[in-house]
Each structure stands twice: as structure tokens, then as C-alpha cells.
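J.: Build me a model:
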Amino acid sequence: MELSGYYPVTRQRITNIIKLISMKKQFFAFAAAAMIIGSIVTGCGSEKATNGSDSTKTDSTAATTAPADTTKAPDTTKTDTTKKPM
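T.: Numbering: from 1, shown residues only. Down below sits the predicted model:
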């Protein structure tokens, strides 16, 4: 009985498969280390500068304030000046 595409399992094939798996593990370990280092480097970009100012702060002078409401009627209430009984 002949099987088409059948390759006998040899010691050399098993060794090659083990090497391939080992290479994949090394590649993924390298990729994971590169990803961790990249995230650390990216996080360091928001550290405080040597002069003490934080580069991630927003400029407080650039913030706009809401304009005063001019449609509101002026307050016409008066304070009570009558003397209270004792």
C-alpha cells in the first residue's frame, strides 16, 4: 500500500521541527522584549524636564474663559435695613 505525500518520520525531521519551534520561541521572545522596551521609552517621553516643567501639561494661558452673560438683568434686591425687635 503506497500513500501519496507520505513522508516517513525520521530523526532528522524531528530535529528540524524542534529547531523551527525553538527559532519561533526566540523570535517571539525578542518581539515581546522589543514591545516592552518600546512602551517604556514611549512612557519616558512624558517625564518632567530638567527645569521642573512637565512636558505633558497644558498651557494654562491658552485656556479660554466663557464670556460674561450680558443678557442677564442686574440684581435690584436691596438689603433689609429695618431693626429687628429684641
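
J.: Now residue 72. Its backbone dihedrals?
T.: When quoted as degrees, to the nearest 10, the phi and psi of residue 72 stand at phi -80, psi 140.

J.: Going forward, count from 538.
T.: Will do, 538 is the new start, and the previous item becomes residue 609.

J.: tell me the contacts of it?
T.: Neighbour list for residue 609: empty [criterion: Cβ atoms under 8 Å, 6 or more residues apart in numbering]. For every residue, glycine as well, the C-beta is placed using N, CA and C.

J.: And the pLDDT for residue 614?
T.: pLDDT, residue 614: 80.

J.: so which strand or helix has it?
T.: Assigned by DSSP states H and E, residue 614 falls within no helix or strand.

J.: and it, how many neighbours does it have?
T.: Around residue 614 there are 5 other residues, counting by other Cβ atoms under 10 Å.

J.: From residue 564, how far out is residue 571?
T.: 11 Å (Cβ to Cβ, to the nearest Å).

J.: for residue 621, that is, sorry about that
T.: Counting by Cβ to Cβ, the gap from residue 621 to residue 564 is 87 Å.

J.: try residue 616
T.: The spacing between residue 616 and residue 564, counted by Cβ to Cβ, is 81 Å.

J.: between the two, which one's more packed in?
T.: Neighbour totals were compared for residue 616 and residue 564, and residue 564 leads with 10 against 4 (other Cβ under 10 Å).

J.: do you know how far that one is from residue 552?
T.: As judged by Cβ to Cβ, residue 564 and residue 552 stand 19 Å apart.

J.: what about the helices in the protein?
T.: Ranges of helices in the chain, per DSSP state H, are 548-581.

J.: Sketch out the low-pLDDT regions of it for me.
T.: Judged by pLDDT under 70, the chain has its weakly predicted residues at 538-544, 582-607, 623.

J.: Try it again at 50.
T.: Scanning the chain for pLDDT under 50 picks out 538.
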